[in-house]
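Undergrad: Predicted model and sequence follow; I will ask about them next.
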Amino acid sequence: MTLTERLNAYERLMRLDKPIGILLLLWPTLWGLWISSEGSPNWAILWVFVIGTVLMRSAGCVINDYADREFDPHVERTRLRPLAAGMVQPREALALAAALALVAFVMILWLNALTIQLALVAALLAASYPFTKRFLPIPQAYLGIAFGFGIPMAFAAQTGAVPALAWVMLAGNMFWSIAYDTEYAMVDRPDDLRIGIKSAAILFGRHDVPAVMLSHGVFLSIMVAVGLWARLGFVYFAGLTAALGLILYQFTLIRGRDRGLCFKAFLHNNWVGAAVFAGIALDYLVYIRWVP
């Protein structure tokens with residue numbers, strides 16, 4: 001294998017060619033950074049979190065493929081991943097994940113002690129998530145906590161504390177993750193049933209579509225409460241209304257349980273996260289500039 005081919009395999013192993021995971025991890029972190037700073041985040045902290053998000057998502061993907069290396073060759077969607085196809089050896093994958101995590105950890109060393117402590121918890125969640133698919137009936141909930149842990153970290157970095165509001169936002173992200181990752185799991189359900197992997201799509205069975213929409217509904221309800229708690233204005237709630245419209249569109253995609261459309265619905269959640277963030281950022285911008 002040439003150097004170019006090896007680097008390409010590492011890029012695919014880290015999923016840098018598929019940025020949806022970075023975005024789904026980044027949006028909740030940005031929500032936390034903007035609300036904790038009331039619309040004026042420390043830009044140095046912001047960049048640490050953005051780069052750290054890319055690094056940790058990449059490390060998480062490597063660990064996920066390492067954990068699933070015996071299963072992925074038997075799943076249609078994953079059989080050509082670098083580890084599954086034998087293009088990268090397991091020891092290489094572990095070394096790559098460790099290097100990515102180390103760089104991310106070095107970046108946060110200048111932040112306060114509470115943020116560093118929470119970062120260690122976040123790293124543990126990210127590393128352990130891939131193995132939860134063996135025993136948790138809804139690993140999507142665990143994923144939601146792992147993907148949302150940037151929220152309490154953002155509050156800690158900006159304010160030195162983690163208020164109850166941050167944990168409520170984390171709970172909201174957990175329900176959002178259950179919704180979008182169940183859509184993702186609906187794509188792999190036939191393969192997961194065959195090889196014994198657990199998922200919310202399997203647990204919910206024929207009630208999968210109502211469960212997805214209910215989870216989306218709980219997520220939006222929690223975010224309404226967050227807006228009231230943080231005293232956000234009409235622009236924020238307009239963003240939530242836009243997110244609601246996007247979620248209703250997802251219903252039209254998943255109601256037939258077509259695997260291709262379910263995957264499209266999963267990808268579409270990037271716009272839901274973006275709509276919520278736009279509402280937060282623009283609301284603070286409007287009130288900072290125009291309200292005396």
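TA: Structure's in. What do you need? If you're wondering where the values come from, they're calculated on a predicted model, not measured in any experiment.

Undergrad: Show me what the host helix or strand of His268 is packed against.
TA: In the assignment (DSSP states H and E), His268 maps to helix 259-290. The helices and strands touching helix 259-290, judged by 3 or more Cβ pairs under 8 Å, 6 or more residues apart in numbering; DSSP states H and E, are helix 20-36, helix 164-195, helix 234-254. C-beta coordinates here come from the backbone N, C-alpha and C atoms, glycine included.

Undergrad: which one of those helices lies closest to Asp72?
TA: Asp72 lies closest to helix 164-195 among the helices and strands packed on helix 259-290, at 9.6 Å (Cβ to Cβ).

Undergrad: Contact partners for Ala265?
TA: By Cβ atoms under 8 Å, 6 or more residues apart in numbering, the contact set of Ala265 is Tyr180, Glu183, Gln250, Leu253, Ile254.

Undergrad: Can you tell me which of the residues you listed comes closest to Phe234?
TA: Gln250 (24.6 Å).

Undergrad: The closest one and Cys262, how far apart?
TA: 9 Å (Cβ to Cβ, to the nearest Å).

Undergrad: what is in contact with those two at once?
TA: In contact with both Gln250 and Cys262: Glu183, using Cβ under 8 Å, 6+ apart.

Undergrad: Next one: Asp258 relative to Met186, how far apart?
TA: According to Cβ to Cβ, Asp258 stands 9 Å off from Met186.

Undergrad: ok, these two, which is more surrounded?
TA: Remark: of Asp258 and Met186, Met186 carries more neighbours, 27 against 14, as counted by other Cβ atoms under 10 Å.

Undergrad: need the contact list for that one.
TA: Residues counted as contacts of Met186 (Cβ under 8 Å, 6+ apart) are Ala201, Asp208, Ile254, Arg257, Arg259, Cys262.

Undergrad: And it, what's its pLDDT?
TA: You'll see Met186 listed with a pLDDT of 94.

Undergrad: for His207, same thing?
TA: pLDDT, His207: 96.

Undergrad: What is the burial count for it?
TA: For His207, the neighbour count with other Cβ under 10 Å is 10.

Undergrad: again with Ser36
TA: By other Cβ under 10 Å, 26 other residues sit near Ser36.

Undergrad: Leu109 versus that one, what's the distance?
TA: 20 Å.

Undergrad: Now do the helices in the stretch 51-200 of the chain.
TA: With DSSP state H, counting those that start in this stretch, the ranges of helices along the stretch 51-200 of the chain come out as 90-107, 113-132, 139-148, 150-159, 164-195, 200-204.

Undergrad: ok now the fifth one, how far from the chain's centre?
TA: Okay, so that is helix 164-195. 9 Å (Cα atoms, centre = their mean, to the nearest Å).

Undergrad: now swap in the first one and tell me
TA: The gap between the average C-alpha position of helix 90-107 and the chain average comes to 19 Å, counting by Cα atoms, centre = their mean.

Undergrad: for it, packing partners?
TA: Counting by 3+ Cβ pairs under 8 Å, 6+ apart, helix 90-107 packs on helix 3-13, helix 43-67, helix 113-132.

Undergrad: and the ones you listed as CSV, adding mean neighbour count?
TA: Below are the helices and strands packed on helix 90-107 laid out as CSV (neighbours: other Cβ atoms under 10 Å):
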stretch, mean neighbour count
helix 3-13, 14
helix 43-67, 20
helix 113-132, 17
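
Undergrad: Quick check: pLDDT value at the closest residue to Trp167 other than its chain neighbours.
TA: Of all residues not flanking Trp167 in the chain, Pro152 sits nearest, at 6.7 Å (Cβ to Cβ, 6 or more residues apart in numbering). Pro152 carries a pLDDT value of 97.

Undergrad: List the residues that contact Pro152.
TA: Per Cβ under 8 Å, 6+ apart, neighbours of Pro152: Gly32, Leu118, Val162, Ala166, Trp167, Leu170.

Undergrad: Go ahead and confirm Phe155 touches Trp167.
TA: No - using Cβ atoms under 8 Å, Phe155 makes no contact with Trp167, being 9.4 Å away.

Undergrad: residues touching Arg81, list them.
TA: Arg12, Leu13, Asp65, Asp72.

Undergrad: Return the distance of it relative to Asp65.
TA: 6 Å.

Undergrad: Give me the common contacts of those two.
TA: Common neighbours of Arg81 and Asp65 (criterion: Cβ under 8 Å, 6+ apart): Leu13, Asp72.
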